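Asker: Need coordinates for the following:
(2 chains)
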Protein chains: 2
Amino acid sequence: MMQNEVTDNVAEFVNRIDFAKGNGLVPVIVQDEKTKDIMMLAYANKEALTLSLTTGIAHYWTRSRAMIWKKGETSGNTQLIKRIDTDCDQDTLLYVVDQNGVACHTGDWSCFPSVTKEKSQRKY
Amino acid sequence: MMQNEVTDNVAEFVNRIDFAKGNGLVPVIVQDEKTKDIMMLAYANKEALTLSLTTGIAHYWTRSRAMIWKKGETSGNTQLIKRIDTDCDQDTLLYVVDQNGVACHTGDWSCFPSVTKEKSQRKY
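Answerer: As a prediction, the model looks like this:
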């Protein structure tokens, strides 16, 4: 019963999202919960969003490899989903995550150099 | 002399951005500097980015109205640019701003309901 309610809520949320505008993809802003740092921008299709909601681990659609991408599957730098939200016109997602390790493929904390730099200057 | 150096830096930064991938547009993550709240996701073309860099006020390209959009021009809810950064593959922008008033056209602080809700529960 509980499972069905969860599944219904997932479907309801996924169906609200406007995937049509971006040809099946929506941009996902990824923010670290503890530091509120912006980690990266990625893209999700319906399947990636559903997997993120049901597994609690961030999934995306990689445009360069054209496939579902469970972030950190090989590197171990997974992102635990703390919250998923959509914006006022339902065409963007926000994943608030607990970032394991680093987010960027370069080995940097964030895909944005100024965010990585700020973090290196903080005490926490 | 100073002006030329600034202009050169603007042109250098703008030319680094990969506008081609998104048919002339890149997504812009907008974050409030003080609270680190995510305000919205918008889009910029080369002209909007250049205007943001040279005027210090956030400009975007509105896809629905298909024009340059100086945010807050009518509402007064302008965004003062504190920092602009791009990510590791130069196809996304981050505007860190000082948000005047609210960001969302609904009158909410953020275009993401969970961010607006969080703010209402904070002391600052």
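Asker: Could you use CA atoms for every contact and neighbour count after this?
Answerer: Will do.
Asker: Skip ahead from the lowest-mean-pLDDT helix or strand in chain A and say which helix or strand is next.
Answerer: Least confident helix or strand, chain A: helix A:2-16 with a mean of 83, by mean pLDDT, DSSP states H and E. Sequence order places strand A:26-32 as the next helix or strand after helix A:2-16, per DSSP states H and E.
Asker: quick revisit: the least confident helix or strand of chain A and chain B in contact?
Answerer: No. Judged by CA under 8 Å from any CA of the partner chain, helix A:2-16 and chain B are separated, with a smallest distance of 13.8 Å.
Asker: got it, and stretch A:107-120?
Answerer: Yes. Using CA under 8 Å from any CA, stretch A:107-120 reaches chain B at A:Cys111, A:Phe112, A:Pro113, A:Ser114.
Asker: name the element the residue nearest to the spatial centre of chain A belongs to?
Answerer: Nearest to the mean C-alpha position of chain A, counting by CA atoms, centre = their mean, stands A:Tyr95 at 4.3 Å. Using DSSP H and E, the element containing A:Tyr95 is strand A:93-99.
Asker: Excluding its own residues, what touches that strand? List them.
Answerer: A:26-34, A:58, A:77-87, B:112 (CA atoms under 8 Å, 6 or more residues apart in numbering or on different chains).
Asker: what residues are up against A:Ser110?
Answerer: Applying CA under 8 Å, 6+ apart, the residues contacting A:Ser110 are A:Asp37, A:Ile38, A:Met39, A:Met40, A:Val102, A:Ala103, A:Cys104, A:Thr116.
Asker: Looking at those residues, point me to the pair that's furthest apart.
Answerer: Distance extremes for these: the farthest pair is A:Asp37 and A:Cys104 at 12.8 Å, using CA to CA.
Asker: Settle it for me: which of the two has more neighbours?
Answerer: A:Asp37 (22 against 18; other CA atoms under 10 Å in any protein chain shown).
Asker: measure that one to A:His105 for me?
Answerer: From A:Asp37 across to A:His105, the span is 17 Å (CA to CA, to the nearest Å).
Asker: Same check on A:Gln121?
Answerer: Separation of A:Gln121 from A:His105 (CA to CA) stands at 21 Å.
Asker: okay, the two: which has more neighbours?
Answerer: Neighbour count, other CA under 10 Å: between A:Gln121 and A:His105, A:His105 has more, with 13 against 8.
Asker: On the three-state scheme, that one is what?
Answerer: Following DSSP: H, G, I helix; E, B strand; the rest coil, the label given to A:His105 is coil.
Asker: Thanks a lot, see you next time.
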